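Visitor: my questions concern the predicted model and sequence given below.
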Amino acid sequence: MKNKNKIWIWLTIVILVILGAIGGKRYMDMKAQEKDYQDGITIIQNYVSDYLVKNYEGIEKIEWQGIGVEYRNSPTHGASLFGNYVNTRVRVYVSNNLFFTMRFTLTEETDYDSDLKKYVKLDSLNSENVDSTISMEIRNAKKDFRNESENLKFDRVKSSNSGSPVAKIKYDLELHELKY
């Protein structure tokens, strides 16, 4: 009887160790994937923030909204035919409470280089595309605010060699799951 109990105890311990190892591996894989996402989004946040501060006047603050992830193909969140959708949003403030928002997607602005084992900037993340996005989002924001004085604040954001050297920048690399 005592030998049977010892066998069950050892069998239970072995099963728990195996399950712990499998769970630990999945957790470490997920953390490595999240670190890769953060590295890729850092490229986007640095490029866009630097470009805005150096090339646009009228910006008071640049505030990044973290990293949104829609888990489509993940060992811990289930399989899919698509890769995970990863993006970041930035609020560009023209006054204390008036801002427009831009969204950048990891797979559109960067690419994972398997040889380097890191994300690299794509040619699509360039000044012309950022300029176009800024123009479009300012137009969209002006439609949301029908007040003429608020719209005039958006008009202060324009391309300029002097830039916005005193603009505050808040980077955010915290991951959150996208909810729709």
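Guide: Received, thanks. Numbers count the residues shown, from 1 in each chain.

Visitor: give the buried residues for stretch 168-180.
Guide: Neighbour counts over stretch 168-180 (16 or more other C-beta atoms under 10 Å) mark 169, 172-173 as buried. The C-beta positions use only the backbone N, C-alpha and C, and glycine is treated the same way.

Visitor: mind putting these into CSV with distance to residue 65 and secondary structure?
Guide: Putting these into CSV (distance: C-beta to C-beta, whole Å; DSSP: H, G, I helix; E, B strand; the rest coil) gives the following:
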residue, distance to residue 65, secondary structure
169, 13, strand
172, 6, coil
173, 11, coil
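
Visitor: following element in sequence after the worst-scoring helix or strand of the chain on mean pLDDT, please.
Guide: Ranking every helix and strand in the chain by mean pLDDT, DSSP states H and E puts helix 148-155 at the bottom, with a mean of 82. Next along the chain after helix 148-155, taking DSSP states H and E as the criterion, comes strand 158-159.

Visitor: what lines up beside that following strand in the sheet?
Guide: Using DSSP bridges, strand 158-159 pairs in its sheet with strand 56-57 (antiparallel).

Visitor: what's the average pLDDT for the partner strand?
Guide: Mean pLDDT, strand 56-57: 96.

Visitor: equivalent analysis for stretch 113-124, please.
Guide: Rounded mean pLDDT across stretch 113-124 is 92.

Visitor: next one: stretch 85-102
Guide: Mean per-residue pLDDT for stretch 85-102: 93.

Visitor: out of the buried residues of stretch 168-180, which one sits closest to residue 101?
Guide: For these, the residue nearest residue 101 by C-beta to C-beta is residue 172; the value is 13.6 Å.

Visitor: any figure for the gap between that closest one and residue 89?
Guide: 10 Å (C-beta to C-beta, to the nearest Å).

Visitor: overlap in contacts of the two?
Guide: Taking C-beta atoms under 8 Å, 6 or more residues apart in numbering as the criterion, residue 172 and residue 89 both touch 64-65.

Visitor: low pLDDT regions in this protein?
Guide: 1, 72-83, 180 (pLDDT under 70).

Visitor: show me what the top helix by length along it is packed up against.
Guide: The residue-count maximum for a helix in the chain (DSSP state H) belongs to helix 2-55. Where contact means 3 or more C-beta pairs under 8 Å, 6 or more residues apart in numbering; DSSP states H and E, helix 2-55 is packed against strand 61-70, strand 85-93, strand 99-105, helix 106-109, strand 110-113, strand 118-121, helix 127-144, strand 175-177.

Visitor: so what touches the first one?
Guide: Going back to what we said before, that points to strand 61-70. 34, 37-38, 41, 45, 49, 52-53, 84-93, 99, 167-178.
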